[in-house]
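S.K.: sequence first, predicted model second:
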There are 2 protein chains.
Amino acid sequence: MRVNILRPEPLTKDAFAAFGDVVETDGAFAKDINQGFAQRYDGLARIDVEHGGGSVNVSIFRATPRPSPIDIRLMERHPLGSQLFAPMQDGPWLVVVCADPLEAASYRAFSATGAQGVNYARNIWHHPLLVVEPSRFLVVDRAGPGVNLEEVELDAARRLSLEA
Amino acid sequence: MRVNILRPEPLTKDAFAAFGDVVETDGAFAKDINQGFAQRYDGLARIDVEHGGGSVNVSIFRATPRPSPIDIRLMERHPLGSQLFAPMQDGPWLVVVCADPLEAASYRAFSATGAQGVNYARNIWHHPLLVVEPSRFLVVDRAGPGVNLEEVELDAARRLSLEA
C-alpha cells in the first residue's frame, strides 16, 4: 500500500499565512513597557469568534503524545470561530493543516517551538493537538450556540503518516 | 524608616477570587477530547474587553526579573478591560494586587506556578508583570479607543518590599 509521508517544515508566519496566525515575537514590533522590565508585542492573532452569537472561551488543554510515526486519520475545522493554541511550556510541538482533507497534496506539517503559538483561522482544516511530550496549552476559541465542529475521518487509503 | 514587607502566599482560585480568575486546570472540569489524547478545561477566564468599543488583543510579553527584594512602587489598573497572563514556560512567577494602592494593608502577593495564569478583572489594581527568570507570557487584553491605564506611583513612605 502506498503511504503518504508528511514531514514537518519549520513554522513561520509566511509559511502559515494561508491557515492563520503564528503567535510569536519574531518579526513583531516590540514596545518597551513596565519601567523597562518587559517588551510587549501586540496584535499577534485575529480572534474571530462572534459568528452566530459566539463569545471568547479561554481553556487549557492537557495533551499526551501519540505513537510515532503519527497516523493522520482525522481532520477537523470550526465553521464559527478561530482557535488559538499557546504552549505553556518551552518545548517543540507539531501542527498539521490542509486545504482539503481528501487531497493528500494539500497537507502541510509544521514543527513549532515552545515560543510559538498558532491561531487557526475560522474554517481552516487542522489536526487535533499534536505534542512531543505531555503538555499544557492555553486555548482561546469560541463558546456559543450552533455547531462549531466538522470532522472528516480518512479511510485507510487516504491516511498520512507524520514523520517528525 | 518603617518598611512594609509583603510575602507571597500560594495562588489559589479562592484566595484570588476578589481580583479575577486563576487560569489553571486544578479544580476545573475536564472533558476528554481528541480521541483520548487530550483533556479540555473550559471557561477558565471571563474576558471582559468590550467596554468603550474594545475588542480582544492577543500579545506576548517578554519580561526580565527585577532586583530582589522587589520594590513595589507603582500599581496600575485597566478601567476598560480585563487582562489575562498565561506563562509560556514552566516556572514560578509572582502576582501583586491590592484593593487600594494607598492602603498597605490591602495588598496581597501570590506565588504562581508555571501551570497557572491569572486574569485580572477590569479595574483591579495590580503590579506590572513580575518574573523570577526571563519569561514569555501570552496576554489577552483589550484594544480600542479610550484611556485604559491608570497608574499610581507610591511615595517613599508607602512603598512595599516583596520578599519571595
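M.R.: That came through, no problem.

S.K.: grab the nearest non-local neighbour of A:Leu130.
M.R.: Closest residue to A:Leu130 apart from its sequence neighbours, by CB to CB, 6 or more residues apart in numbering or on different chains: A:Leu94 at 4.0 Å. In short, each C-beta sits where N, CA and C put it, glycine included.

S.K.: how about stretch A:147-162: buried residues?
M.R.: A:148, A:154, A:159-160, A:162 (16 or more other CB atoms under 10 Å in any protein chain shown).

S.K.: can you lay out these as TSV showing pLDDT and secondary structure?
M.R.: Below are these laid out as TSV (pLDDT from 0 to 100; DSSP: H, G, I helix; E, B strand; the rest coil):
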residue	pLDDT	secondary structure
A:Asn148	97	coil
A:Leu154	96	coil
A:Arg159	94	coil
A:Leu160	95	strand
A:Leu162	96	strand
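
S.K.: pick the one among the residues you listed closest to B:Asn57.
M.R.: Looking at the buried residues of stretch A:147-162 and their distance to B:Asn57, the nearest is A:Asn148, at 22.6 Å (CB to CB).

S.K.: from A:Glu103, how far out is the closest one?
M.R.: As defined by CB to CB, to the nearest Å, A:Asn148 lies at a distance of 24 Å from A:Glu103.

S.K.: about what we covered before: dump the buried residues of stretch A:147-162 to JSON lines, plus distance to chain B.
M.R.: Shown next, in JSON lines, are those (distance: CB to the nearest CB, whole Å):
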{"residue": "A:Asn148", "distance to chain B": "13"}
{"residue": "A:Leu154", "distance to chain B": "13"}
{"residue": "A:Arg159", "distance to chain B": "14"}
{"residue": "A:Leu160", "distance to chain B": "16"}
{"residue": "A:Leu162", "distance to chain B": "14"}
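
S.K.: name the residue closest to the centre of chain A, please.
M.R.: Nearest to the mean C-alpha position of chain A, by CA atoms, centre = their mean, lies A:Val118 at 4.8 Å.

S.K.: helix, strand or coil for it?
M.R.: strand (DSSP: H, G, I helix; E, B strand; the rest coil).

S.K.: just confirm A:Ser82 contacts A:Asn123, I think it does.
M.R.: No: if you go by CB atoms under 8 Å, A:Ser82 and A:Asn123 don't touch, sitting 9.3 Å apart.

S.K.: pLDDT weak spots in chain A?
M.R.: A:1-2 (pLDDT under 70).

S.K.: residues in contact with the residue of chain A most remote from its centre?
M.R.: Centroid-distance maximum for chain A: A:Gln35 at 33.8 Å, with CA atoms, centre = their mean. Applying CB atoms under 8 Å, 6 or more residues apart in numbering or on different chains, one finds that A:Gln35 lies in contact with B:74, B:128.

S.K.: one step back: the residue nearest to the centre of chain A contacts A:Ala15, doesn't it?
M.R.: No: using CB under 8 Å, A:Val118 is not in contact with A:Ala15; the gap is 11.3 Å.

S.K.: okay, A:Ser82 and A:Asn123: which has more neighbours?
M.R.: A count of neighbours by other CB atoms under 10 Å in any protein chain shown puts A:Ser82 above the other of A:Ser82 and A:Asn123, at 22 against 14.

S.K.: which of the helices or strands spans the residue nearest to the more buried one when sequence neighbours are not counted?
M.R.: Nearest residue to A:Ser82, sequence neighbours excluded (CB to CB, 6+ apart): A:Asp48, at 4.2 Å. Assigned by DSSP states H and E, A:Asp48 belongs to no helix or strand.

S.K.: what is the neighbour count of A:Asp48?
M.R.: 20.

S.K.: same check on the one 10 residues further on?
M.R.: A:Val58 sits with 24 neighbouring residues when counted by other CB under 10 Å.

S.K.: how far off centre is the strand or helix carrying it?
M.R.: Per DSSP H and E: A:Val58 is located in strand A:55-63. Strand A:55-63 sits 13 Å away from the centroid of its parent chain (CA atoms, centre = their mean, to the nearest Å).

S.K.: just give the strands next to the helix or strand where A:Leu94 lies in its sheet, each with its orientation.
M.R.: Here A:Leu94 sits within strand A:93-98, counting by DSSP H and E. If you go by DSSP bridges, strand A:93-98 pairs up with strand A:107-112 (antiparallel), strand A:125-126 (antiparallel), strand A:130-131 (antiparallel).

S.K.: alpha carbons of the first one, as PDB, please.
M.R.: What that stands for is strand A:107-112. Taking Å, rounded to 0.1, in the frame of the first residue of the first chain, the C-alpha atoms of strand A:107-112 are listed here in PDB:
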ATOM      1  CA  TYR A 107      -1.500  18.900   3.600                       C
ATOM      2  CA  ARG A 108       1.300  20.800   5.300                       C
ATOM      3  CA  ALA A 109       3.000  19.900   8.600                       C
ATOM      4  CA  PHE A 110       5.000  22.300  10.800                       C
ATOM      5  CA  SER A 111       7.400  22.000  13.600                       C
ATOM      6  CA  ALA A 112       6.600  24.700  16.200                       C
END
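
S.K.: the residue nearest to A:Ser82: what's it in contact with?
M.R.: Neighbouring residues of A:Asp48 by CB under 8 Å, 6+ apart: A:81-82, A:121-122.
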